[in-house]
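1. Take this sequence and fold it.
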Amino acid sequence: MLDALREFGAVIMALIGLGIWLVRLEGRVNANSKDLIRMDQRIDRERSDTRETLADLKDMLAEQNRDIKTLLGRGRVVHWDDKTQPPR
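-> Alright, predicted model coming up:
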């Protein structure tokens, strides 16, 4: 029994080390998977926030466009008169 233990001791220790290494590797994989899921959720939230912000900006720009067209249509904006000269 002792002779067999001496002969295969290194192999047994290597197998035990391999088992421990595999357990630690599985733990890292699980932790990384959780991090990836969390990052995907954050990216999705940021995308939806960005879409909302862009929609708000689009609405604001459309409103400004309407206001400018309204002002130009009423004739309240004087482009060039005898006091101002157009750029050359």
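2. Give me the most central residue, this protein.
-> residue 43 (3.7 Å; Cα atoms, centre = their mean).
3. Tell me how far the helix or strand that contains it lies from the chain's centre.
-> In this assignment (DSSP states H and E), residue 43 forms part of helix 2-74. Helix 2-74 sits 8 Å away from the centroid of its parent chain (Cα atoms, centre = their mean, to the nearest Å).
4. neighbouring contacts of stretch 16-26?
-> For stretch 16-26, contacts defined as Cβ atoms under 8 Å, 6 or more residues apart in numbering pick out no residues. (Glycine included, C-beta is placed from N, CA and C.)
5. what is the mean pLDDT for it?
-> In this model, stretch 16-26 carries a mean pLDDT of 95.
6. then that stretch to PDB, C-alphas only?
-> Provided in PDB are the C-alpha atoms of stretch 16-26 (Å, rounded to 0.1, in the frame of the first residue of the first chain):
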ATOM      1  CA  ILE A  16      -6.200  16.900  -6.600                       C
ATOM      2  CA  GLY A  17      -4.600  20.100  -7.900                       C
ATOM      3  CA  LEU A  18      -6.400  19.800 -11.200                       C
ATOM      4  CA  GLY A  19      -9.700  19.400  -9.400                       C
ATOM      5  CA  ILE A  20      -9.100  22.400  -7.200                       C
ATOM      6  CA  TRP A  21      -8.100  24.400 -10.300                       C
ATOM      7  CA  LEU A  22     -11.300  23.400 -12.100                       C
ATOM      8  CA  VAL A  23     -13.500  24.400  -9.200                       C
ATOM      9  CA  ARG A  24     -11.800  27.800  -9.000                       C
ATOM     10  CA  LEU A  25     -12.100  28.200 -12.800                       C
ATOM     11  CA  GLU A  26     -15.800  27.400 -12.600                       C
END
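7. burial count for residue 63?
-> 10 (other Cβ atoms under 10 Å).
8. for residue 53, same thing?
-> The number of residues near residue 53, taken as other Cβ under 10 Å, comes to 10.
9. so what's it up against?
-> By Cβ under 8 Å, 6+ apart, residue 53 has no neighbours at all.
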